[in-house]
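Peer 1: Give the three-dimensional model of this entry:
(one chain, ligands or ions: 2)
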Amino acid sequence: MEAVMLVRYAEIHLKGLNRPYFERSLMKRISLALRPLPVKVVREQGRVFVFGIPAESMDEAAQKLTRVFGIHSVSPALAVEKDWDAMVEGAKALVARRIEGVSQASFKVIARRADKRFAMCSQDICRVMGGLLLEAFPALRVDVHTPDFYVGVEVRQEQAFIFADELLGAGGMPVGTNGHAMLLISGGIDSPVAGHMIAKRGVRISAVHFYSYPYTSERAREKVVDLTKILASYAGEVGLYLVPFTEIQLAIYEKCPKSETTVLMRRLMMQIAEKIALSCGAQALITGESIGQVASQTIESLTVTNDAVNLPVFRPLIGFDKEEIVTRAKAMGSYETSILPFEDCCTVFVPQHPVTRPKLEDIRQSEARLDFTQMIETAIANTEFLAIE
Ligand code: ATP
Ligand code: MG
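Peer 2: Ligands and ions are numbered 1, 2, ... in the order given. Prediction:
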């Protein structure tokens, strides 16, 4: 009997000829997520099996895998010989654990016989196994419609697999199968959620953060590093670029119309983010903007922001209410960190009366009053890089 993780995958099922590519990417993501465990990942007929996880690390490994995009669900399982007694013994061991400390529970057996040479058909497996488990565990009763849990039995070519739990995974596609994008990450609620959504589609994420020391604190920066770590627990490694933005922000603040400072700042952020994106091979930018949420997110403001760059800008939250975004932030586990009260560089320099309908021509003119070339170069030269895992 050997502990093994059974992994069911999500949308990869839909991929035709590219399927082996997606499967290999998923297997790589699984190995990376379980580092430093020396696991062996194999695929067989639409399933992935992970061997080599010590029994005591199984629960933790299952939790980690629920964050790997491309996975529909996982089940800690036992691999046993294709021998009926061994299968029953395995099922009993799993059920004993599953109902530990529970006085009553309902269950049913679901069987799959991929190896048609196995003597019992799936119905027989369900019926006989169900009966034996009922006998062995007085706390159990059968409920075929809404059981508290089910015991899965899969008879495959080499071995049989037994499991009693199924944890829902994150869905989506394996990171790295759909290119690479640069997330503009602030310390707020929205941008980590935006990054999570795009990573879920298989996009590798890098991130850029602008800070305005000493107007923003060291803690504010740490908060962004922490948020990036949370994002990386789903997206795999995230390269984080920390860009000193004070000089540019002060120049805008001192030389340009106060009502335009936010929009100008956003344009400069986008330009720098684009330059860094191009230098590291990212093909698009991602922001956490949503229509109308603040003055800098009206259609006019978004148009002016877009004008600053040529790369496509993904705004996955564009049609979401704040409440919906908060729900997602809580689900991904970033919310508690996002609401920590450290200033980010936007809040420090917010004008009292920002323009809500900026005209592109006016903004370009204001921007042209200052030559930002040198400041942009200096900011990029002083950018710090952290590989976050
Ligand atoms: P968030 O909750 O993500 O901070 P927000 O609602 O506070 O968003 P803004 O502050 O206007 O909105 O920022 C809009 C978007 O611009 C953010 O979602 C993020 O993508 C980007 N952004 C804002 N500030 C920064 C920053 N300091 N560094 C990098 N990106 C930023
Ligand atoms: Mg913000």
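
Peer 1: From ligand 1, how far out is the closest residue to residue 247 other than its chain neighbours?
Peer 2: Of all residues not flanking residue 247 in the chain, residue 375 sits nearest, at 5.4 Å (C-beta to C-beta, 6 or more residues apart in numbering). The C-beta positions use only the backbone N, C-alpha and C, and glycine is treated the same way. According to C-beta to the nearest ligand atom, to the nearest Å, residue 375 and ligand 1 sit 16 Å apart.

Peer 1: what's around residue 375, how many residues?
Peer 2: 19 (other C-beta atoms under 10 Å).

Peer 1: cool, residue 193 as well?
Peer 2: Neighbour tally, residue 193, other C-beta under 10 Å: 26.

Peer 1: Residue 334 is in contact with that one, correct?
Peer 2: Yes. Between residue 193 and residue 334 there is a contact under C-beta atoms under 8 Å: 6.9 Å.

Peer 1: mind checking the SS state of residue 192?
Peer 2: helix (DSSP: H, G, I helix; E, B strand; the rest coil).

Peer 1: How about residue 151?
Peer 2: strand.

Peer 1: phi, psi of the residue most central in space within the chain?
Peer 2: Nearest residue to the geometric centre of the chain (C-alpha atoms, centre = their mean): residue 234, 3.4 Å. Per-residue torsions, residue 234: phi -100, psi -40 (degrees, to the nearest 10).

Peer 1: Just give the nearest non-adjacent residue to it, would you?
Peer 2: That would be residue 67: by C-beta to C-beta, 6+ apart, it lies 4.8 Å from residue 234.

Peer 1: what's the neighbour count on that neighbour?
Peer 2: 19.

Peer 1: per-residue pLDDT, it?
Peer 2: Reported pLDDT at residue 67 in the predicted model: 94.

Peer 1: now do residue 349
Peer 2: Reported pLDDT for residue 349: 68.

Peer 1: Same check on residue 116?
Peer 2: pLDDT at residue 116 comes out at 89.

Peer 1: returning to that earlier point: on the three-state scheme, the residue nearest to residue 234 is what?
Peer 2: Secondary structure of residue 67, per three-state DSSP, is coil.

Peer 1: Buried residues, stretch 248-259. List them.
Peer 2: 248, 249, 251, 252, 256, 259 (16 or more other C-beta atoms under 10 Å).

Peer 1: What segments of the stretch 251-389 of the chain are strands?
Peer 2: 285-286, 313-314, 384-388 (DSSP state E, counting those that start in this stretch).

Peer 1: residues in contact with the last one?
Peer 2: Outside of strand 384-388, the residues that reach it under the criterion C-beta atoms under 8 Å, 6 or more residues apart in numbering are 225, 228, 229, 232, 237, 238, 239, 240, 241, 242.

Peer 1: My guess is residue 243 contacts residue 213. True?
Peer 2: No. Shown here, residue 243 and residue 213 do not form a contact pair, counting by C-beta under 8 Å, at 11.1 Å.

Peer 1: Looking at those two, which is more packed in?
Peer 2: Using other C-beta under 10 Å as the criterion, residue 243 and residue 213 rank with residue 243 on top: 19 against 14.

Peer 1: give the contact list for residue 311.
Peer 2: 274, 277, 278, 282, 283, 284, 285.

Peer 1: Mean pLDDT per element in the protein, and the minimum belongs to which helix or strand?
Peer 2: When each helix and strand of the chain is scored by mean pLDDT, DSSP states H and E, helix 345-348 comes last, with a mean of 60.

Peer 1: Sort out which residues of stretch 355-366 are buried, please.
Peer 2: So stretch 355-366, judged by 16+ other C-beta under 10 Å, has buried residues 355, 358, 363, 366.

Peer 1: Same check on stretch 130-147?
Peer 2: So, applying 16+ other C-beta under 10 Å, buried residues of stretch 130-147: 130, 133, 137, 140, 147.

Peer 1: Contact partners for residue 101?
Peer 2: By C-beta under 8 Å, 6+ apart, residue 101 has no neighbours at all.

Peer 1: same check, this time on residue 92
Peer 2: 132, 133, 136, 137.

Peer 1: would you list those in a markdown table and tack on distance to residue 114 and secondary structure?
Peer 2: Shown next, in a markdown table, are the contacts of residue 92 (distance: C-beta to C-beta, whole Å; DSSP: H, G, I helix; E, B strand; the rest coil):
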| residue | distance to residue 114 | secondary structure |
| --- | --- | --- |
| 132 | 22 | helix |
| 133 | 22 | helix |
| 136 | 26 | helix |
| 137 | 27 | coil |
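
Peer 1: Using TSV, please lay out these together with pLDDT and distance to residue 45.
Peer 2: Below are these laid out as TSV (pLDDT from 0 to 100; distance: C-beta to C-beta, whole Å):
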residue	pLDDT	distance to residue 45
132	96	27
133	96	26
136	95	31
137	95	31
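
Peer 1: Make TSV out of those residues and add distance to residue 171.
Peer 2: TSV is the format used below for the contacts of residue 92 (distance: C-beta to C-beta, whole Å):
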residue	distance to residue 171
132	35
133	31
136	36
137	33
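
Peer 1: and the stretch 151-300 of the chain, which of its residues are near ligand 2?
Peer 2: Counting by C-beta under 5 Å from the ion, the positions of the stretch 151-300 of the chain adjacent to ligand 2 are 186, 188.

Peer 1: all helices for the stretch 151-300 of the chain, in order.
Peer 2: Remark: helices assigned in the stretch 151-300 of the chain by DSSP state H, counting those that start in this stretch are 190-200, 218-235, 246-255, 261-280, 299-306.

Peer 1: Could you check the second one and say which residues are buried?
Peer 2: What it means is helix 218-235. Applying a neighbour-count criterion of 16+ other C-beta under 10 Å, the buried positions in helix 218-235 are 220-221, 223-224, 226-235.
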